[in-house]
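Q: need a structure here:
(4 chains)
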Number of protein chains: 2
Amino acid sequence: MTDRVRVLLADDEHLIRGALAALLALEDDLAVVAEAASGPEALAMAAAHRPDVAVLDLQMPGLDGLEVAAELRHRLPECRVMIVTGHGRPGYLKRALEVGVRGFLPKTVSASDLAGIIRTVRAGGRYVDPELAAEAISAGDSPLTPRETDVLELAADGSSVAEIAERAALSPGTVRNYLSSAAGKLGAENRHAAVRIAREHGWL
Amino acid sequence: MTDRVRVLLADDEHLIRGALAALLALEDDLAVVAEAASGPEALAMAAAHRPDVAVLDLQMPGLDGLEVAAELRHRLPECRVMIVTGHGRPGYLKRALEVGVRGFLPKTVSASDLAGIIRTVRAGGRYVDPELAAEAISAGDSPLTPRETDVLELAADGSSVAEIAERAALSPGTVRNYLSSAAGKLGAENRHAAVRIAREHGWL
DNA sequence: ACGGGCCGATGACATTTGTCACCGCCGACC
DNA sequence: GGTCGGCGGTGACAAATGTCATCGGCCCGT
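A: Below is the predicted model:
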């Protein structure tokens, strides 16, 4: 038998991370060699312990799971990356695949499933939760241009057009044009509904 | 020694719930006698197994943790209730205490802490995470009147004043008055920023 | 009995936002 | 070389929103 699969576990919730580590430790072909509670810490631990598989939570302080995945791809190309997420918004899946993530699953899977998927990924396979995949396909790509997305993002906290314009270094009129266009593409009545819709699709 | 503490575990994320159950099973004075993945299921399991302590996740499908806690208080008064939450917005803590919750903690606690807190609560004690408590105190009570809160809630998805008025069975002018007043009290530039602020404080 | 607060409403007004047409500049693609 | 799409901008107009004063009704506390 080969060496055990070396796993890095990153999740900001100690309770979850600890519990997960304990569960995975029960599998005798898996070894949790590092744990991290934040994005930057995950990168540091990965560099130090060179795991075979990194299991990353999507929402973490500092860098989120996707950003960590993107970094790992460059710094540690031989390390396979999996993302685990609580509420799976479709857009994230697409972005995850773009940065080379091999596994994408919701936290509703069972522990034994998780262990199995870790083995699959370790062996070079991929796994995407069927339900999340279906959502992603039905949601499709964002119809927004990069700039529209930027501006919508700046509008997300309820700022006025003037504030958005200043933060984006644009003219207020241009900002309104982008917002109007974005709302139109998303079928929203106004920019705030547009923000909500874009969020739901993971386009924000 | 008395019987072991009978624990009900409710969390919609199988992975977490299973992992937690496994961890708690390692404590020889605790016994996880029931698990649930939704609010209604938690109530049913509680009725069937009459646990000593119910550990509820705050966000669950169907009924959320607070609603379950409120129901349990009536149906199973001798059952102590604890709430575990990922992102702890202050207002929830206050509402939790109002419905008789004995423990309120973030998922960043360690498993051994959780076990200890379960024992504390079982013995009639209380536990509130210090950080969440501090936030709750500094956040204080909502300055909004009940009606203002209603209307702000209806505004939360980006609806227009006309839609809100219809859904609330109010005149559009009245809706604008409430929104303006709410935004003023919250120090917001407009209702959308007001929604964000109220959300952050757990007042929504 | 009175004041105060919340509720619901109206009217008026200023400001913000949404929408549209149209402009020039670029870079990509055919 | 021409076309198309994204980017950034202007101007104008209509619609939605925010703000304020003011009203009446109601209930609660003193």
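
Q: Point out where chain A drops to low pLDDT.
A: A:1-2 (pLDDT under 70).

Q: Which residues of it lie near DNA strand D?
A: Applying C-beta under 7 Å from any atom of the strand, we find that chain A lies next to DNA strand D at A:145-148, A:170-171, A:173-174, A:176-177, A:190. Backbone N, C-alpha and C define where each C-beta goes, glycine included.

Q: Now rank those residues by neighbours and give me the top one.
A: If you count neighbours using other C-beta atoms under 10 Å in any protein chain shown, the busiest of the residues of chain A next to DNA strand D is residue A:148, which has 23 neighbours.

Q: Now do the SS call for that one.
A: helix (DSSP: H, G, I helix; E, B strand; the rest coil).

Q: host element of the closest residue in space to it that isn't next to it in sequence?
A: In space, and not counting its chain neighbours, residue A:148 is closest to residue A:182: 4.4 Å by C-beta to C-beta, 6 or more residues apart in numbering or on different chains. Using DSSP states H and E, residue A:182 maps to helix A:172-186.

Q: Against residue A:92, how distant is the nearest residue to residue A:153 once chain neighbours are set aside?
A: Distances taken as C-beta to C-beta, 6+ apart put residue A:204 closest to residue A:153, at 6.0 Å, once the chain neighbours are dropped. From residue A:204 over to residue A:92 the distance is 11 Å, taken as C-beta to C-beta, to the nearest Å.

Q: Among these two, which residue is more densely surrounded?
A: Set residue A:204 next to residue A:92 and count neighbours by other C-beta under 10 Å: residue A:92 wins out with 22 against 18.

Q: In terms of helix, strand or coil, where does residue A:117 fall?
A: Residue A:117 ends up helix, using three-state DSSP.

Q: ok, it touching residue A:127?
A: Yes - with contact defined as C-beta atoms under 8 Å, residue A:117 counts as touching residue A:127 (4.7 Å).

Q: so what's in contact with the two at the same time?
A: Common contacts of residue A:117 and residue A:127 (C-beta atoms under 8 Å, 6 or more residues apart in numbering or on different chains): A:82, A:103, A:105.

Q: Which members of these occur in strands, if any?
A: Applying DSSP state E to the shared contacts of residue A:117 and residue A:127, the entries found in strands are A:82, A:103, A:105.

Q: What are the boundaries of the helices in chain A?
A: A:14-25, A:39-49, A:65-75, A:90-98, A:111-122, A:130-139, A:146-155, A:161-168, A:172-186, A:191-201 (DSSP state H).

Q: With distance to residue B:54 as extra columns, can I get the ones you listed in CSV?
A: Below are these laid out as CSV (distance: least, C-beta to C-beta, whole Å):
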stretch, distance to residue B:54
helix A:14-25, 17
helix A:39-49, 33
helix A:65-75, 31
helix A:90-98, 32
helix A:111-122, 22
helix A:130-139, 28
helix A:146-155, 40
helix A:161-168, 45
helix A:172-186, 41
helix A:191-201, 32
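
Q: that older thread, the residue nearest to residue A:148 contacts residue A:152, doesn't it?
A: Yes - applying C-beta under 8 Å as the test, residue A:182 and residue A:152 come out as touching, 5.2 Å apart.

Q: got any residues that touch both of these two?
A: In contact with both residue A:182 and residue A:152: A:144, A:191, A:194, A:198, using C-beta under 8 Å, 6+ apart.

Q: Quick check: of those residues, which lies closest to DNA strand D?
A: Nearest to DNA strand D among those: residue A:144, at 8.2 Å, using C-beta to the nearest atom of the strand.

Q: Can you tell me the number of residues neighbouring the closest one?
A: So residue A:144, with other C-beta under 10 Å, has 21 neighbours.

Q: coming back round to it: looking at residue A:117 and residue A:127, which is more packed in?
A: The neighbour count for residue A:117 versus residue A:127, taken as other C-beta under 10 Å, is higher for residue A:117 (24 against 18).

Q: which ones are touching the more buried one?
A: A:82, A:103, A:105, A:109, A:127.

Q: quick one: contacts for the third one?
A: By C-beta under 8 Å, 6+ apart, residue A:105 lies in contact with A:82-85, A:113-114, A:117, A:127-129, A:132.

Q: Would you mind listing what in chain A touches DNA strand C?
A: Residues of chain A lying near DNA strand C (C-beta under 7 Å from any atom of the strand): A:160-162, A:173, A:176-177, A:179-180, A:183-184, A:189-192.

Q: what about 6 Å?
A: Neighbours of DNA strand C within chain A, by C-beta under 6 Å from any atom of the strand: A:160-162, A:176-177, A:179-180, A:183-184, A:190-191.

Q: and of these, the nearest to residue A:7?
A: Of all the residues of chain A next to DNA strand C, residue A:191 has the smallest distance to residue A:7: 42.9 Å, by C-beta to C-beta.

Q: which ones are touching the nearest residue to the closest one once chain neighbours are set aside?
A: What sits nearest to residue A:191 in space, not counting adjacent residues and going by C-beta to C-beta, 6+ apart, is residue A:179, at 4.5 Å. Contacts for residue A:179 (C-beta under 8 Å, 6+ apart) come out as A:151-152, A:155, A:161, A:164, A:191, A:194.
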